[in-house]
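> Here is my input, please return the structure:
(chains A and B)
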Amino acid sequence: MAGIRTAVVGVGQTRHVSARHDVSIAGLVREAAVEALEDAGMDWGDIDAVVIGKAPDMFEGVLMPEMYLADALGAANKPMLRVHTAGSVGGSTAIVAAKLVMAGIHKRVLTVAFEKQSESNATWGLTVGMPFQAPLVAGAGGYFAPLIRAYMARSGAPRHIGHLVAVKDRLAALRNPKAHLHLADIDLKMVEESFLLWDPLRYLDVCPSSDGAMALVIGSEDVADAAPGPAAWIHGTAMRSEPTMFAGRDQINPQAGRDCAADVYAQAGITNPREDFDMAEVYVPFSWYEPMWLENLGFCAEGDGWKLTEAGATAPDGDIPWNPSGGVLSSNPIGASGMIRFGEAAQQVRERAGDYQVELKTGLALGQAYGGGSQFFSMWVVGNQKPE
Amino acid sequence: MRDVAVIAFAQDIAEHDRERNEVEFVIPVVRDAIAQSGIDRHDIGFTVSGSCDYLSGGPFTFVQGLDAVGAWPPIKESHLEMDAAWALYEAWVAIQVGDVDSALIYGFGKSSLGDVHEIFNLQNDPYSVMPLWPSTVDLAALQACAAIAANVTNEREMAEIAARDRRAALANLHAIAGRDVSADVLLGEPVTHAPLRDADIAPITDGAAAIVIAAAEIANHACERPAWIRGIEHRIEPQSMGVRDLTRSESTRLAAIAADVGGGPIDVAELHTQFSHEEPILRVALGLGPETEVNPSGGPLGANPIMSSGLIRIGEVASRIHSGSVHRGVAHATQGPCLQQNLVCVLEGERN
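Take a look at the predicted model:
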């Protein structure tokens, strides 16, 4: 990997709920940032720069909200950047922040991602009629359901696979006190009997709408060595994008995702992801995206993703746990969801994941986020040892 | 730090274009900048853009930009909801990390689709300021009042700046608000937002711009006189008008020191002045003397395509270095109400 050694030295996140009526947007992001700074043993004055990310501004109705948030995030008279790369933004934001340290420009960067969905309505925010464009009308689920049906047809996956993921991730969330959904009595029958939204997605196959924020403090090697807590060393970062639509594009198993994985694996020396990683936090907003991304990320051969899910390989006690935090299916503050994946992977290799900590063998974990029409990808690999 | 230079610059500007959407603005500038750079499209290491969803009125404005770039096979790409000058900063950082050696940066937006001065009220604190619905021009007028009261500028100086920029814009093919006018004539025109007259306010402009930057190994081959980025820094201030001294630009001053603007004579400055009174404030913050020519392109008072206007400042300085007409210059970009966030980029040509 290029650049100087860089690590996550502080992690903070809010609890995620439907509506945080008790805080403003500034109060929400500050809550996550304060927790990350405390974890890093730092104060506002220690931070050199702030990088903030979120999904479209229409999700809150504030144009470039970082301008108003600069003061609340201690950015006065400092550099501040605002990233927006669709659903992958939380991951992209962490990568932009990490590069400021890798380049040797800054030593301590605070990065924050958030969404306060209760301020507005995301499905309507996605459904604005645009000149010269076909209306989406149905929000993200209406867009992705046909791709899921195409995956089922292509792979021959039985219909209950998605529901298995829906149950697995909600059971995992019961061990994560910050997760939005705590459905103590979740089971296959409950998912199957929830109402149909977009075939084959039932209500419980779908992520919630959450208010929440995630913050990371990213530091250089000397900062990480001096930090009070363990470091999650960054072994690789990658981003890839491709256009939304063109003839011949594989929207089920996008090339951008495969290229992004190949890039980040090469940087981190990953040759067999299922064996080389202890776990992965992957952006699964609709249950079927677990088997689809298992294939896209090379954890199995194409067409076999659903078999890993069905066999329980991705459960917290499986051989390659996916989303032991409960994942996006249990908490979805959209703009933050990618950074939560990156941060939860960091917490696992720092052995700070509490009741959902996995057993570390290789000490390496993957964070992944995607967005747009399955076209924007961001990934990082973090480890409990310094990269070579 | 690696030596990185601006090697190509293209812009496409229009006044209230009814024919083209944003993608159709981006296509020609991206094609032009890449052609100038001499780099094959597939060899561009990194692509990053700046745009604003609220200009187009829909989410994910930047996604369609990928169609203009031709992002296939998939590319390393990022996007900032900021003026594309900050996208250039992100690209410069990516080259500093060392895993890429060149980058394409573009910014775009159609300000004419709605009432942009009203829309940008949505940039204010949503709880305490937005409900008062001050437009961009209302807040700028407050700042102009403060600057006049503090003797930082006066109405005659503002009129002279506005007249100079409008005249300079006549010689700029990309400008839309060129006008052969004197300060005396402007002072006789009506005040629309006291103390501002229409000529003090940047015109509503549609457009896009693209720049290619590259590390020395590439830049030296691609360009006879690369415009080397000697310093690029940016700072933000708190937004609340009550905690800022509006007669100064502290964030510009700090960025200028960090970018070492004062490290040598500045032949030319392209300042992102969307209102005439901002120039005297920025001159002080940047430490510019009378030897520096300001906004020879006409500046944003000549054409101000929001989201690429700051990037264009960098391109205008770079193109003068490319042509050999200047040796060292400074470009400035801003966003947020009353110069809240500022970027300063020092560019320099080869010493012969």
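
> And the strands in the stretch 51-200 of chain A?
A:80-83, A:108-116, A:196-198 (DSSP state E, counting those that start in this stretch).

> do the longest one and chain B meet?
No. Under the criterion of C-beta under 8 Å from any C-beta of the partner chain, chain B is not reached by strand A:108-116; the shortest gap measures 10.2 Å. C-beta coordinates here come from the backbone N, C-alpha and C atoms, glycine included.

> Pull out the buried positions in that strand.
A:108, A:109, A:110, A:111, A:112, A:113, A:114, A:115, A:116 (16 or more other C-beta atoms under 10 Å in any protein chain shown).

> just the shortest one next, same as before
Residues of strand A:196-198 classed as buried by neighbour count (16+ other C-beta under 10 Å): A:197, A:198.

> next SSE after it?
Once strand A:196-198 ends, the next helix or strand along the chain (criterion: DSSP states H and E) is strand A:201-202.

> who does that next one pair up with?
When pairing is defined by DSSP bridges, strand A:201-202 lines up against strand A:196-198 (antiparallel).

> Test my guess that residue A:150 contacts residue A:253.
No. Using C-beta atoms under 8 Å as the test, residue A:150 is too far from residue A:253 to be in contact (10.1 Å).

> With neighbour numbers in mind, choose between these two.
Ranked by neighbour count (other C-beta atoms under 10 Å in any protein chain shown), residue A:150 and residue A:253 place residue A:253 first, with 19 against 14.

> Contact partners for that one?
By C-beta atoms under 8 Å, 6 or more residues apart in numbering or on different chains, the residues touching residue A:253 are A:292, A:295, A:296, A:302.

> With residue B:308 instead?
So residue B:308 contacts B:11, B:50, B:83, B:84, B:106, B:107, B:108, B:109, B:207, B:208, B:209 (C-beta under 8 Å, 6+ apart).

> Which ones among those lie within strands?
Residues of the contacts of residue B:308 located in strands (DSSP state E): B:11, B:50, B:106, B:107, B:108, B:109, B:207, B:208, B:209.

> and the stretch 151-300 of chain A, which residues reach chain B?
A:238-244, A:246, A:254-256, A:259-260.

> If you rank those by neighbours, which is first?
Neighbour max across those (other C-beta under 10 Å) = residue A:241, 31 neighbours.

> Pretty sure residue B:72 is one of the things that one touches, is it not?
No. Under the criterion of C-beta under 8 Å, residue A:241 is not in contact with residue B:72, lying 9.8 Å apart.

> Please report the distance of the closest residue to residue A:161 other than its chain neighbours from residue A:160.
The shortest distance from residue A:161 to any non-neighbouring residue, by C-beta to C-beta, 6 or more residues apart in numbering or on different chains, is to residue A:306 (4.5 Å). Using C-beta to C-beta, to the nearest Å, residue A:306 is found at 10 Å from residue A:160.

> Settle it for me: which of these two has more neighbours?
Taking neighbours as other C-beta under 10 Å, residue A:306 and residue A:160 compare with residue A:306 leading, 26 against 14.

> pull the CA atoms of whichever strand or helix holds the more buried one into PDB?
Using DSSP H and E, residue A:306 sits in helix A:305-311. This file holds the C-alpha atoms of helix A:305-311, laid out as PDB (Å, rounded to 0.1, in the frame of the first residue of the first chain):
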ATOM      1  CA  GLY A 305     -23.100 -17.100  -2.300                       C
ATOM      2  CA  TRP A 306     -26.500 -18.300  -1.200                       C
ATOM      3  CA  LYS A 307     -25.100 -21.600  -0.200                       C
ATOM      4  CA  LEU A 308     -22.700 -20.000   2.300                       C
ATOM      5  CA  THR A 309     -25.600 -18.100   3.800                       C
ATOM      6  CA  GLU A 310     -27.800 -21.200   3.900                       C
ATOM      7  CA  ALA A 311     -25.000 -23.200   5.600                       C
END
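
> Filter the contacts of residue A:253 down to the ones in helices?
A:292, A:295, A:296 (DSSP state H).

> Save those as TSV, and put in pLDDT and neighbour count too.
Formatted as TSV, the ones in helices among the contacts of residue A:253 follow (pLDDT from 0 to 100; neighbours: other C-beta atoms under 10 Å in any protein chain shown):
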residue	pLDDT	neighbour count
A:292	98	27
A:295	98	23
A:296	98	26
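
> ok, so of the residues you listed, who is nearest chain B?
Each of those was checked against chain B using C-beta to the nearest C-beta; the closest is residue A:296, at 12.3 Å.

> wait, doesn't that closest one sit right on residue A:262?
No. Between residue A:296 and residue A:262 there is no contact under C-beta under 8 Å: 10.9 Å.

> of all the residues in the stretch 201-350 of chain B, which ones are close to chain A?
Checking the stretch 201-350 of chain B against chain A by C-beta under 8 Å from any C-beta, the hits are B:233-240, B:243, B:250-251, B:254, B:335-337, B:340-341.

> Would you list the buried entries among the residues you listed?
Members of these classed as buried by 16+ other C-beta under 10 Å are B:233-239, B:250-251, B:254, B:335-337, B:340-341.

> In chain B, mark out all the strands, start to finish.
Here chain B has its strands, by DSSP E, at B:4-14, B:46-50, B:77-80, B:102-110, B:191-193, B:196-197, B:206-215, B:227-236, B:268-270, B:293-294, B:328-335, B:341-348.

> can you give me the helices in the stretch 51-200 of chain B?
Under the criterion DSSP state H, counting those that start in this stretch, the stretch 51-200 of chain B contains helices at B:53-56, B:61-69, B:84-97, B:116-119, B:136-149, B:155-170, B:183-187.

> Mind checking the ones you listed for the one nearest to chain A?
That would be, of the helices of the stretch 51-200 of chain B and by C-beta to the nearest C-beta, helix B:84-97, which comes in at 3.7 Å.

> quick check, distance from that closest one to the centre of its chain.
The chain centroid and the centroid of helix B:84-97 are separated by 15 Å under C-alpha atoms, centre = their mean, to the nearest Å.

> Just the buried positions in stretch B:242-249, please.
So stretch B:242-249, judged by 16+ other C-beta under 10 Å, has buried residues B:244, B:246, B:247, B:248, B:249.

> Can you tell me which of the buried residues of strand A:108-116 lies closest to residue A:189?
Set against residue A:189, the nearest of the buried residues of strand A:108-116 by C-beta to C-beta is residue A:115 (31.4 Å).

> hmm, what's the outermost residue in chain B?
residue B:73 (30.7 Å; C-alpha atoms, centre = their mean).

> residues in contact with residue B:240?
By C-beta under 8 Å, 6+ apart, the contact set of residue B:240 is A:71, B:125, B:129.

> among the residues you listed, who's most crowded?
Result: residue B:125 is most packed of these (other C-beta under 10 Å), 22 neighbours.

> show me what contacts that one?
Contacts of residue B:125 (C-beta under 8 Å, 6+ apart): A:68, B:239, B:240.

> Do me a favour and get the backbone dihedrals for it.
As for residue B:125, its main-chain torsions (degrees, to the nearest 10) stand at phi -50, psi 120.

> how far away is it from residue A:81?
According to C-beta to C-beta, residue B:125 stands 20 Å off from residue A:81.

> Grab the most central residue of chain A for me.
residue A:338 (2.4 Å).

> pretty sure that one is touching residue A:87, no?
Yes. With contact defined as C-beta under 8 Å, residue A:338 and residue A:87 form a contacting pair (6.7 Å).

> joint contacts of these two?
Common neighbours of residue A:338 and residue A:87 (C-beta under 8 Å, 6+ apart) are A:283, A:369, A:371.

> Right, I'll leave it there.
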